[in-house]
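Asker: Any chance you could fold what I've pasted below:
(one chain, ligands or ions: 1)
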Amino acid sequence: MNNITNWVFDLDNTLYKAECGLFDKVHILMGKFIEEKLNLASGDAQALRSKYYHQYGTTLRGLMIEHQVNPNEYLDYVHQINYEVVQPNTSLAEILKSLNGKKYIFTNANFEHVEKVLEKLNMTNIFDGCFDISESDYMPKPHKEVYDSFQNKFNLDNSSTAMFEDLHINLKEPHKMGWQTVWVTNNLEYNLNKDVNQQEDIQKIIDEKGYISHVTDDLENFLKNVI
Ligand SMILES: [Mg+2]
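Answerer: Modelled structure (predicted):
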């Protein structure tokens, strides 16, 4: 990856470990939002959350299309969480700072959430740009239009761009664009995809999908080895 000068990072479960549980808290509030909005029992709401996530890329997209939910109301609600579980990661911050070129955040969450997470991680003022879901009219990755909007905003040279993501499906479009792709795996990936539950499945996915250039379960170590 020594030709890379544009470093694009997903935020949640990529720049911090899924195991800290922050995103689990968001999931709980997503379910609660659905419970209240659609007047559903807790189990049914969580099932719908998962169904829309898989069908539309984000639960929000499903709620907007199927139930005309206001995206800002939803995003404000699901991010009313305690960010204390995210610990400062000074060593990763230092490595990110030392990467040659520009660094970007590319997220399906909103700016307010990004700011809070980066503050907890001790990573404010590292990134040259951030693209949040409001900038694509709430269309999430992995839809192609979102990557086009990202490209329009930052105008990156495809051959010198790499993207880091915990959800491998979000790397499909970047691979088509000629970016290098890095799948950052974690346990949550297994929770979200019930059919993936064993370590050896990772290699199977890489072989089958064909859009994953690199894989790591340790972003910090991975970056140390490429700079
Ligand atoms: Mg993520």
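Asker: Okay, the residue of the chain positioned farthest from its centre and V69: tell me how far apart.
Answerer: In the chain, the residue that sits farthest from the middle, by C-alpha atoms, centre = their mean, is N39; the gap is 28.7 Å. In this structure, N39 and V69 are 14 Å apart, going by C-beta to C-beta, to the nearest Å. Yep, even glycine has a C-beta here, placed from its N, CA and C like the rest.
Asker: Give me the nearest residue to G21, chain neighbours excluded.
Answerer: Using C-beta to C-beta, 6 or more residues apart in numbering and skipping residues adjacent in sequence, the residue nearest G21 is V85, 5.5 Å away.
Asker: Contacts only, for that neighbour.
Answerer: 20-22, 25 (C-beta atoms under 8 Å, 6 or more residues apart in numbering).
Asker: how far away is it from K25?
Answerer: When V85 is compared with K25 (using C-beta to C-beta), they lie 8 Å apart.
Asker: With S134 instead?
Answerer: Note on S134: its distance to K25, by C-beta to C-beta, is 21 Å.
Asker: With E173 instead?
Answerer: For E173 relative to K25 (C-beta to C-beta), the value is 28 Å.
Asker: do the same with V215
Answerer: 27 Å.
Asker: sorry, back to before: pick out whichever of S134 and K25 has more residues nearby.
Answerer: Neighbour count, other C-beta atoms under 10 Å: between S134 and K25, K25 has more, with 17 against 13.
Asker: Restricting the selection to alpha carbons, write the longest helix belonging to the chain to PDB.
Answerer: Under DSSP state H, the helix in the chain containing the largest number of residues is helix 22-38. What follows is helix 22-38 as a C-alpha-only set of coordinates in PDB (Å, rounded to 0.1, in the frame of the first residue of the first chain):
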ATOM      1  CA  LEU A  22     -21.000   1.400  21.800                       C
ATOM      2  CA  PHE A  23     -22.800   0.200  18.700                       C
ATOM      3  CA  ASP A  24     -24.800  -2.300  20.700                       C
ATOM      4  CA  LYS A  25     -26.200   0.700  22.600                       C
ATOM      5  CA  VAL A  26     -27.200   2.300  19.300                       C
ATOM      6  CA  HIS A  27     -28.900  -0.900  18.200                       C
ATOM      7  CA  ILE A  28     -30.900  -1.000  21.400                       C
ATOM      8  CA  LEU A  29     -32.100   2.600  20.800                       C
ATOM      9  CA  MET A  30     -32.900   1.800  17.200                       C
ATOM     10  CA  GLY A  31     -35.200  -1.000  18.500                       C
ATOM     11  CA  LYS A  32     -36.700   1.300  21.100                       C
ATOM     12  CA  PHE A  33     -37.400   4.000  18.400                       C
ATOM     13  CA  ILE A  34     -39.200   1.400  16.300                       C
ATOM     14  CA  GLU A  35     -41.100   0.100  19.300                       C
ATOM     15  CA  GLU A  36     -42.400   3.600  20.000                       C
ATOM     16  CA  LYS A  37     -42.900   4.800  16.400                       C
ATOM     17  CA  LEU A  38     -44.600   1.700  15.100                       C
END
